[in-house]
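> return a 3D structure for these sequence lines:
(one chain, ligands or ions: 1)
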Amino acid sequence: MQIQSDISLLPFNTFHIEASARYFAEVKTFDDIADLQAQAIFKENKKFILGGGSNMLLTKDFDGLVVKISIPGIELEREDLHHYYVKVNAGVVWHQFVLWCIERGYAGIENLSLIPGQAGAAPMQNIGAYGVELKDVCIGVEAINIHTGEQVTFSASDCEFGYRESVFKHRYKDEFIITRVHFRLNKVPRFNVSYGDIKATLDEMKVFDLNIKAVSDAVIKIRSSKLPDPAELGNAGSFFKNPTVSFEKCKELLDKNPLMPNYPQSTGDVKIPAGWLIEQCGWKGKRVGNTGSHARQALVLVNYGNATGHEVYQLAMDIKQSVMDKFGVEINPEVNLI
Ligand code: EPU
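You can find the predicted model right below:
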């Protein structure tokens with residue numbers, strides 16, 4: 001297992017931020033992880049586990065060991081009358097996994113098409129889009145304890161999935177390397193096309209006989225039209241999470257802003273789209289130096305070229321402050337700040 005020194009992380013983060021890692025190792029097998037854990041550099045340095053680098057902002061050089069997870073492999077484990085049980089290794093690109101399932105008619109993740117990143121990172125923040133979240137289909141996560149090397153299997157409930165949240169972002173932060181994710185997918189699709197854009201796009205595509213490939217195609221079409229392609233313009237998807245406010249606070253906001261989109265939650269609280277709040281503060285499409293808020297989706301911050309992580313972070317904090325000043329609502333980053 002080779003460990004490299006002073007490696008640029010620019011090719012490994014979709015924000016295209018220049019920062020370096022003191023040490024860098026890429027693991028391609030489960031044995032590579034064990035090998036790595038036996039080495040002094042692993043034991044003596046802080047570690048950062050890297051997947052697709054699509055949900056992070058590097059604000060400085062990393063003075064430790066970056067472990068890039070590149071373990072391939074998808075396998076159908078078993079099936080029963082209604083379901084396919086599939087396990088996918090952490091290094092598989094998420095969208096490749098979605099396409100693999102669609103080809104075989106395994107339903108349940110078609111709404112999650114084109115989400116950047118790798119399968120191993122998907123449970124970290126319970127990825128979600130268009131009314132579906134990973135937690136709806138994930139039945140378990142295999143991981144290795146970073147400190148002890150012990151292999152652990154988490155059930156879905158152990159993962160404590162929430163909106164862009166899991167136990168791996170909190171209690172077990174920096175404690176585990178996720179190595180494999182288990183899914184239960186459906187033989188008979190349960191289509192979730194209630195999200196306005198999907199219905200309209202399917203109509204536009206003249207799809208009258210719903211199928212998972214068509215839903216995936218519609219999602220790809222919507223995402224490609226709204227969200228900048230990281231290969232062309234550095235970004236990490238939604239920079240902030242959508243905030244939740246109390247019913248009373250929402251009423252107060254609606255009195256002043258009758259057109260504000262709002263989504264009541266089962267808890268009685270109400271989710272407000274951060275993109276709308278940011279747009280109302282005048283940030284949408286605004287460029288500040290090498291960075292800015294995207295013209296088609298204000299929630300996405302972009303790197304126009306040579307932005308530093310600090311520059312993007314500063315813009316994010318200015319946006320956060322202006323949303324607080326105008327609406328009295330706190331918005332918090334969804335991306336991991338490194
Ligand atoms: N909106 C605006 N201005 C904007 C952006 C959005 O007014 O610039 C309004 C829209 O008009 C709409 C509402 O906000 O009424 C919601 O917008 P959108 O459908 O684009 O979804 P979102 O809430 O901004 C979330 C996820 C996305 C996911 C989409 C679709 C979060 C933080 N983001 O965005 O996930 O693709 O829903 O399900 O929950 C990601 O996590 O990186 C990501 C892209």
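> Phe97 should be in a helix, yeah?
Yes: checked against DSSP: H, G, I helix; E, B strand; the rest coil, Phe97 lies within a helix.
> the closest residue to Lys28 other than its chain neighbours: neighbouring residues, count only.
Of all residues beyond its chain neighbours, the one nearest Lys28 is Ser70 (5.1 Å), with distances taken as Cβ to Cβ, 6 or more residues apart in numbering. Any C-beta I mention is one placed from the backbone N, CA and C, and that applies to glycine too. Neighbour count of Ser70, defined by other Cβ atoms under 10 Å: 18.
> spell out which parts of the stretch 151-300 of the chain neighbour the ligand.
By the criterion of Cβ under 6 Å from any ligand atom, the positions of the stretch 151-300 of the chain lying close to the ligand are 227, 237-238, 241-242, 261, 273, 275-276, 279, 284, 297-299.
> restricted to strands, list the residues you listed.
Applying DSSP state E to these, the entries found in strands are 237-238.
> in helices only, show me the residues of the stretch 151-300 of the chain next to the ligand.
With helices defined by DSSP state H, the entries of these inside them are 275-276, 279.
> now, among the residues you listed, which is nearest to the ligand?
Gly275 (2.6 Å; Cβ to the nearest ligand atom).
> what comes up buried for the top strand by length along the chain?
Longest strand of the chain, by residue count under DSSP E: strand 176-186. Buried positions in strand 176-186, judged by neighbour count with 16 or more other Cβ atoms under 10 Å: 176-186.
> what packs against that strand?
Where contact means 3 or more Cβ pairs under 8 Å, 6 or more residues apart in numbering; DSSP states H and E, strand 176-186 is packed against helix 30-37, strand 62-69, strand 83-89, strand 138-145.
> ok so, going back, okay, the residue nearest to Lys28 and the ligand: tell me how far apart.
22 Å (Cβ to the nearest ligand atom, to the nearest Å).
> can you give me the neighbour number for the nearest residue to Asn211 once chain neighbours are set aside?
Nearest residue to Asn211, sequence neighbours excluded (Cβ to Cβ, 6+ apart): Pro189, at 7.4 Å. For Pro189, the count of nearby residues is 16 (other Cβ under 10 Å).
> you'd agree Leu50 is up against Thr14?
No: the pair Leu50 and Thr14 fails to qualify as a contact (Cβ atoms under 8 Å) at a distance of 11.6 Å.
> rewinding a little: list the buried ones in the next helix or strand after the longest strand of the chain?
Sequence order places helix 196-204 as the next helix or strand after strand 176-186, per DSSP states H and E. By neighbour count on 16+ other Cβ under 10 Å, the buried set for helix 196-204 is 197-198, 201-202.
> out of those residues, the closest to the ligand would be?
So of these, ranked by how close each gets to the ligand (Cβ to the nearest ligand atom), first place is Asp197, at 6.4 Å.
> pretty sure that closest one contacts Tyr130?
Yes: using Cβ under 8 Å, Asp197 is in contact with Tyr130, at 7.5 Å.
> what touches both of those two?
Counting by Cβ atoms under 8 Å, 6 or more residues apart in numbering, the contacts common to Asp197 and Tyr130 are Ile222.
> burial of the closest residue to Ser238 other than its chain neighbours, as a residue count?
With sequence-adjacent residues excluded and distances taken as Cβ to Cβ, 6+ apart, Ser238 is closest to Leu299, at 4.6 Å. Leu299 sits with 26 neighbouring residues when counted by other Cβ under 10 Å.
> show the contacting residues for the closest residue in space to Ile74 that isn't next to it in sequence.
In this structure, Ile74 finds its nearest non-sequential neighbour in Val88, 4.7 Å apart by Cβ to Cβ, 6+ apart. If a contact means Cβ under 8 Å, 6+ apart, then Val88 has 73-75, 97, 119, 180-181, 183 as its contacts.
> need the worst-confidence member of the buried residues of helix 196-204.
Minimum pLDDT for the buried residues of helix 196-204 is recorded at Asp197 (87).
> which ones are touching the spatially closest residue to that one that is not a sequence neighbour?
Spatially, and ignoring its direct neighbours in sequence, Asp197 is nearest to Ile222 (5.0 Å; Cβ to Cβ, 6+ apart). Shown in contact with Ile222 (Cβ under 8 Å, 6+ apart): 130, 197-198, 201.
> one more time with 10 Å
113-114, 129-130, 195, 197-198, 200-201 (Cβ atoms under 10 Å, 6 or more residues apart in numbering).
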